[in-house]
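Trainee: Sharing a sequence plus its predicted fold:
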Amino acid sequence: MNSTNSVERWTQEQTQALFDTPLLELIFQAQTIHRQHFDPRQIQVSSLLSIKTGNCPEDCKYCPQSSRYKTGINTEPLMEVEQVLASARRAKAAGSSRFCMGAAWKNPRDRDLPYLEQMIRGVKALGMESCMTLGSLTTTQAEKLAKAGLDYYNHNLDTSPQYYQKIITTRSYQERLDTLDKVRQAGIKICSGGIVGLGESANDRAGLLMQLANLDQPPESVPINMLVRVVGTPLENNQAIDPFDFIRSIAVARIMMPKSYVRLSAGREEMSEQTQAMCFMAGANSIFYGCKLLTMPNPEENSDLKLFSKLGLNPDKQQINQTQTEQMLKIAKRITEPDTALYYNAAD
Ligand code: SF4
């Protein structure tokens, strides 16, 4: 299988064989492929802000924002454009190169589009990449977002088609694929991944990665989440996933989608530094940065900077603009002086 050739398709057997490879051998393969396409010291850093929180009509069983579960989150209507841009400015000052805006909707209403377009234009004017996750889109909506300058659209497939019905019943797998197709047709880059720890089998993890890798063009960004077992959701008592199984999923994602950014997303709060380091070894090269991922805690930026420093990793935006020495001085300063105005809190 030549995974860089988009004409070929991964089969279940080929994907399963990767999952069956001894872990250290698999990580070596993944790291080798990673180095062919990326600087192994570089990490892409994104910030995520919830621009409309909770009260979502969908029934995703892992999600604290579904109106069907009592999770105690504070619901918030769509934020004012200027509030969103103030958060984007703080995220930029804290080193993020991409600003992701998430709304807990089944789909945006047409009357929301002008506000969303203003947010995109404002983020772009700051010199940041923009990303949105808003649920399903119509073709016209995707085109409007593209025209406003949206760089990325996030819409996760979550899991394999076979396991999907156990997790979500209010939106079909095909509807998700259709939205990804509309986004791609509109010329927006795709961010799409899934969640490990939903109770799925290794076959299902293989099925998810096959779906993503076999898209006509694989997603440019592939977030791999570790389930956060939120009290009040149907999955609150799920068994914790073995970190090695998570690392294995990262490595397989890197091998199957060699040119994509593979992002450590939700669940990092529960990962040790060593687990995160092994994820980077396995080919992860992007993280969400900021105290909250939508409504879930995320390691404080300061601890991320310390980990970057220990591992010799460079947040990419800063690497573009600064020499390594300048960058490390800036990181060291931020580590010793964390409570500055630059300290971004996505929950603001
Ligand atoms: S994951 Fe998204 S679509 Fe599903 S319930 Fe949560 S906010 Fe709604």
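Mentor: That came in fine, so what should we check first? Numbers count the residues shown, from 1 in each chain.

Trainee: low-confidence ranges in the stretch 101-250 of the chain?
Mentor: Applying pLDDT under 70 to the stretch 101-250 of the chain flags no residue at all.

Trainee: again, only this time at 90
Mentor: Low-confidence segments of the stretch 101-250 of the chain (pLDDT under 90): 228.

Trainee: Angles on the backbone of the nearest residue to residue 193 once chain neighbours are set aside, please.
Mentor: Excluding the flanking residues, the one nearest residue 193 by Cβ to Cβ, 6 or more residues apart in numbering is residue 223, at 3.9 Å. All C-beta atoms are positioned from the backbone trio N, CA, C, and that covers glycine. Dihedral angles phi and psi of residue 223 (degrees, to the nearest 10) take the values phi -80, psi 130.

Trainee: burial measure for residue 223, as a count.
Mentor: Residues near residue 223, counting by other Cβ atoms under 10 Å, number 28.

Trainee: correct me, but it touches residue 265?
Mentor: Yes. Under the criterion of Cβ atoms under 8 Å, residue 223 makes contact with residue 265 at 4.1 Å.

Trainee: Spit out the contact partners of the residue nearest to residue 193.
Mentor: Residue 223 makes contact with 154, 156, 191-193, 263, 265, 288, according to Cβ atoms under 8 Å, 6 or more residues apart in numbering.

Trainee: partner residues bridging it?
Mentor: With DSSP bridges as the criterion, the beta-bridge partners of residue 223 are residue 263.

Trainee: Excluding residues flanking it in the chain, which one is nearest residue 121?
Mentor: Closest to residue 121 by Cβ to Cβ, 6+ apart is residue 148, at 5.7 Å.

Trainee: so is residue 86 in a helix, a strand, or just coil?
Mentor: Per DSSP: H, G, I helix; E, B strand; the rest coil, the secondary structure class of residue 86 is helix.

Trainee: what about the longest strand anywhere in the chain and the ligand, touching?
Mentor: Looking across the chain with DSSP state E, the single longest strand is strand 42-52. No. Taking Cβ under 6 Å from any ligand atom as the criterion, strand 42-52 and the ligand are apart, separated by no less than 9.1 Å.

Trainee: just the CA coordinates of that strand, formatted as PDB?
Mentor: Only the C-alpha atoms of strand 42-52 are listed here, as PDB (Å, rounded to 0.1, in the frame of the first residue of the first chain):
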ATOM      1  CA  GLN A  42       7.600  21.300  15.100                       C
ATOM      2  CA  ILE A  43       4.200  21.400  16.700                       C
ATOM      3  CA  GLN A  44       1.200  23.200  15.300                       C
ATOM      4  CA  VAL A  45      -0.800  24.900  18.000                       C
ATOM      5  CA  SER A  46      -4.500  25.700  17.800                       C
ATOM      6  CA  SER A  47      -6.800  27.400  20.300                       C
ATOM      7  CA  LEU A  48     -10.500  26.400  20.600                       C
ATOM      8  CA  LEU A  49     -13.300  28.700  21.800                       C
ATOM      9  CA  SER A  50     -16.900  27.700  22.400                       C
ATOM     10  CA  ILE A  51     -18.900  30.400  20.600                       C
ATOM     11  CA  LYS A  52     -22.200  28.800  21.500                       C
END
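
Trainee: Name the strands paired with it and say parallel or antiparallel.
Mentor: Sheet pairing for strand 42-52, assigned by DSSP bridges, gives strand 98-103 (parallel), strand 286-288 (parallel), strand 314-315 (parallel).

Trainee: Could you tell me the least trusted of these?
Mentor: Of all these, the minimum mean pLDDT falls on strand 314-315 (a mean of 80).

Trainee: Hmm, residue 199 is touching residue 166, no?
Mentor: Yes. Counting by Cβ under 8 Å, residue 199 touches residue 166, with 7.3 Å between them.

Trainee: now the helices for the stretch 51-200 of the chain?
Mentor: With DSSP state H, counting those that start in this stretch, the ranges of helices along the stretch 51-200 of the chain come out as 81-93, 113-125, 139-148, 161-164, 173-185.

Trainee: Of these, which is nearest residue 305?
Mentor: helix 81-93 (13.5 Å; Cβ to Cβ).

Trainee: That closest one versus helix 113-125: what angle between them?
Mentor: 30 degrees (axes from the mean of the first three to the mean of the last three Cα atoms, to 10 degrees).

Trainee: What residues of helix 81-93 count as buried?
Mentor: Across helix 81-93, burial judged by 16 or more other Cβ atoms under 10 Å covers 81, 84-85, 87-92.

Trainee: Which elements pack onto it?
Mentor: strand 42-52, strand 98-103, helix 113-125 (3 or more Cβ pairs under 8 Å, 6 or more residues apart in numbering; DSSP states H and E).

Trainee: Report the buried residues of the first one.
Mentor: Spelled out, that is strand 42-52. Buried residues in strand 42-52, defined by neighbour count with 16+ other Cβ under 10 Å: 43-52.

Trainee: Quick check: which of the helices of the stretch 51-200 of the chain is nearest to the ligand?
Mentor: Closest of the helices of the stretch 51-200 of the chain to the ligand is helix 173-185, at 10.2 Å (criterion: Cβ to the nearest ligand atom).
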